[in-house]
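Chemist: no sequence on hand, only this structure:
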């Protein structure tokens, strides 16, 4: 395409792909996604493409070139928002923590923090109202269906914000979880890595670094029953595996020693 010679940078791609126009709160300045999402997604799409090409090669014997980009990875992430634009011709904007098509499905401020609540279908909406002892909302014609709740979203959120502000996050979590309503805390990374579910799924792994000592690493997010992945060692120090790699490429130890003597290797 016409941009083939441009350098690829995540934040530039986030802006060009529309992601920044969808992130943040209405009326606010452009906001980046909290993680380098186009970098990460481009890598996953590339992996997906390689696997597809490999499977095809197993049956046809023919290889192929696999191509993706940060821009395309960003655009492909706009599943809901692009569908809304295609249907209406109107580009959607940022909606804060809320879901664009169903309500109530967003973060609410409690007396001591925030809670994410998913009253995202009729059954969960009804469970939520009953758990919060707000049966009156079930009889309010403005909130009878998801369509009517979206149409009267401002009024609904104002009511719920006042309710959630009356109790703590922990109290609401206990109440809503017991009722089967999808919900969760808004964790920072300290909370994340103290979460028992995160520990049970081995998403924080300790390794012994030769210089830094015990260090932590993000665990492997995909679990395979027969060939599970494992993090065996930490990130290497500079040049730690140089000799090992050169030996694999058939350089003799004497040659490697000469490289070092002549300062070809660090």
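Modeler: Structure's in. What do you need? Keep in mind that what you see is a predicted model, and the values were worked out from it rather than measured.

Chemist: longest helix of this protein?
Modeler: Assignment by DSSP state H gives helix 37-60 as the longest helix of the chain.

Chemist: and that helix, what does it pack onto?
Modeler: If contacts are counted by 3 or more Cβ pairs under 8 Å, 6 or more residues apart in numbering; DSSP states H and E, helix 37-60 sits against helix 10-16, helix 70-76. Every residue, glycine included, has its C-beta placed from N, CA and C.

Chemist: mind listing residues that contact the last one?
Modeler: Right, helix 70-76. For helix 70-76, contacts defined as Cβ atoms under 8 Å, 6 or more residues apart in numbering pick out 3, 8-10, 12-14, 16-19, 37-39, 41-42, 45, 82.

Chemist: now that helix: average pLDDT?
Modeler: Across helix 70-76, pLDDT averages out at 97.

Chemist: what's around residue 190, how many residues?
Modeler: For residue 190, the neighbour count with other Cβ atoms under 10 Å is 7.

Chemist: A helix includes it, no?
Modeler: Yes - per DSSP: H, G, I helix; E, B strand; the rest coil, residue 190 lies within a helix segment.

Chemist: gap between it and residue 198?
Modeler: Counting by Cβ to Cβ, to the nearest Å, the gap from residue 190 to residue 198 is 11 Å.

Chemist: what do you get for residue 71?
Modeler: Distance, residue 71 to residue 198, by Cβ to Cβ: 33 Å.

Chemist: check residue 155 too.
Modeler: Using Cβ to Cβ, residue 155 is found at 37 Å from residue 198.

Chemist: buried residues in stretch 28-44?
Modeler: 33, 36, 37, 38, 39, 41, 42 (16 or more other Cβ atoms under 10 Å).

Chemist: sorry, back to before: nearest to residue 168, of the helices and strands packed on helix 37-60?
Modeler: Closest to residue 168 of the helices and strands packed on helix 37-60 is helix 10-16 (Cβ to Cβ; 35.0 Å).

Chemist: check which element follows the closest one along the chain.
Modeler: helix 19-22 (DSSP states H and E).

Chemist: neighbouring contacts of that next one?
Modeler: Contacts for helix 19-22 (Cβ under 8 Å, 6+ apart): 14, 30-33, 37-38, 74, 77-78, 81, 91-94.

Chemist: run the last query once more with 10 Å
Modeler: Residues from elsewhere that reach helix 19-22, judged by Cβ atoms under 10 Å, 6 or more residues apart in numbering: 10-11, 13-15, 29-33, 37-38, 73-75, 77-78, 80-81, 91-95, 100.

Chemist: only the buried subset of the residues you listed, as a ChimeraX command please.
Modeler: Typed into ChimeraX, the line below selects the buried ones among the contacts of helix 19-22, using 16+ other Cβ under 10 Å:
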select :10,11,13,14,15,33,37,38,73,74,75,77,78,81,92,94,95,100
